[in-house]
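Visitor: I need the structure of the sequence given here:
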Amino acid sequence: MTKSVFITGAATGIGRATALLFAQRGYRVGGYDIDEAGLRLLAADITAVGGRPVVGRLDVTDADEVAHRLAEFVDAAGGRLDVLINNAGLLQAGRFEDIPLPVHHRAIEVNVKGVVNGLHAAFPYLRDTPDAVVVNLSSASAIYGQVELANYSATKFYVRAITEALNLEWAQHGIRVIDMWPLYVNTAMTQGVKTGTTQSLGIRLTAQDIARDIVTAVEATWPRRLVKQVHFPVGGQAKALALGSRFSPAWLTRLINKRLAGS
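Guide: Numbering: from 1, shown residues only. As a prediction, this is how the structure comes out:
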């Protein structure tokens, strides 16, 4: 039995690193993105490590296209969808009022609507695959709203909320829904990004760091399954911030975030 994983935003960065790592572990990998040249390179690299890739262009904001690509992949994977990874996303940094409104709207379309489209279309396949897992790429910015990342942070709060809700709602179908909370990751998405928090915290994580933690979360050990862990902070900084937010009073959490942002 070959397990399968469907990954959006798979052509570069976290999506690409995750696709290759799952391929090395014997999964049938579906990699989808709007970057068709990047997908061709991904397919060649998956083949080079012994995998059988299925790749295709996908705009996650197009619900019909998402449904079509998922059906196409599940058919190629023998009717299985073991893992869905909603990775596609956009990040814009800067003062909220300085970012053009269409740019804000586009981020909401991809980061929120794209996740909803993937979840809705994938549900019947996940339900019919034993022990299926959904991994949503959230962010440490879903711990507390971030200065100079207001809209991005808000979209990741949405991802956090829908993850928590569906983790409860879909448990009756045997589907585990989790999310990842990385801080800044050294990918094309963060190139040229300079905010108070990038200066105070740095950009320390790599795409491979996130990919490794995604695989670990998907193939969770029994203690993690026993406690039903939903959120997976990535890296020491995110883990410290997540832990602190659970126990510090609201005024202290606000103060810490204000200091880190230099505002």
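
Visitor: Look at residue 232 and tell me its secondary structure.
Guide: Three-state assignment for residue 232 (DSSP: H, G, I helix; E, B strand; the rest coil): strand.

Visitor: Check residue 134 too.
Guide: Three-state call for residue 134 (three-state DSSP): strand.

Visitor: So what's the residue count around it?
Guide: Neighbour count of residue 134, defined by other CB atoms under 10 Å: 26. C-betas here are computed from N, CA, C, even on glycine.

Visitor: My read is that it contacts residue 123, right?
Guide: No - shown here, residue 134 and residue 123 do not form a contact pair, counting by CB atoms under 8 Å, at 9.3 Å.

Visitor: which is the next helix or strand following the top helix by length along the chain?
Guide: As assigned by DSSP state H, the longest helix anywhere in the chain is helix 150-169. Past helix 150-169, further along toward the C-terminus, the next helix or strand under DSSP states H and E is strand 176-182.

Visitor: Can you give the contact residues for that next one?
Guide: 131-140, 142-143, 159-160, 163, 166-167, 170, 205, 209-210, 213-214, 217, 225, 229-235, 238, 242 (CB atoms under 8 Å, 6 or more residues apart in numbering).

Visitor: got it, and stretch 238-257?
Guide: Against stretch 238-257 from outside (CB under 8 Å, 6+ apart): 140, 143, 144, 145, 146, 147, 181, 182, 183, 231, 233.

Visitor: returning to that earlier point: who touches both of residue 134 and residue 123?
Guide: 170, 175.

Visitor: per-residue confidence at the closest residue to residue 137 other than its chain neighbours?
Guide: Nearest residue to residue 137, sequence neighbours excluded (CB to CB, 6 or more residues apart in numbering): residue 87, at 4.8 Å. Each residue has a pLDDT score; the one for residue 87 is 98.

Visitor: what's the answer for residue 194, then?
Guide: The model's pLDDT for residue 194 equals 69.

Visitor: Secondary structure element holding the residue at the greatest distance from the centre of the chain?
Guide: No residue in the chain sits farther from the centre than residue 251, which is 29.2 Å out by CA atoms, centre = their mean. Assigned by DSSP H and E, residue 251 falls within helix 250-261.

Visitor: Flag every buried residue along that helix.
Guide: 253, 257, 260, 261 (16 or more other CB atoms under 10 Å).

Visitor: same deal with stretch 213-220?
Guide: Quick answer for stretch 213-220 (16+ other CB under 10 Å): 213, 214, 215, 217, 218, 220.

Visitor: Could you pick out the buried ones from the contacts of strand 176-182?
Guide: Those of these that meet the buried threshold are 132-140, 142-143, 159-160, 163, 166-167, 170, 205, 209-210, 213-214, 217, 230-235, 238, 242, by 16+ other CB under 10 Å.

Visitor: what's near enough to touch the residue nearest the centre of the chain?
Guide: In the chain, the centroid-proximal residue (CA atoms, centre = their mean) is residue 137; its distance is 1.8 Å. By CB under 8 Å, 6+ apart, the residues touching residue 137 are 14, 85, 86, 87, 89, 159, 179, 180.
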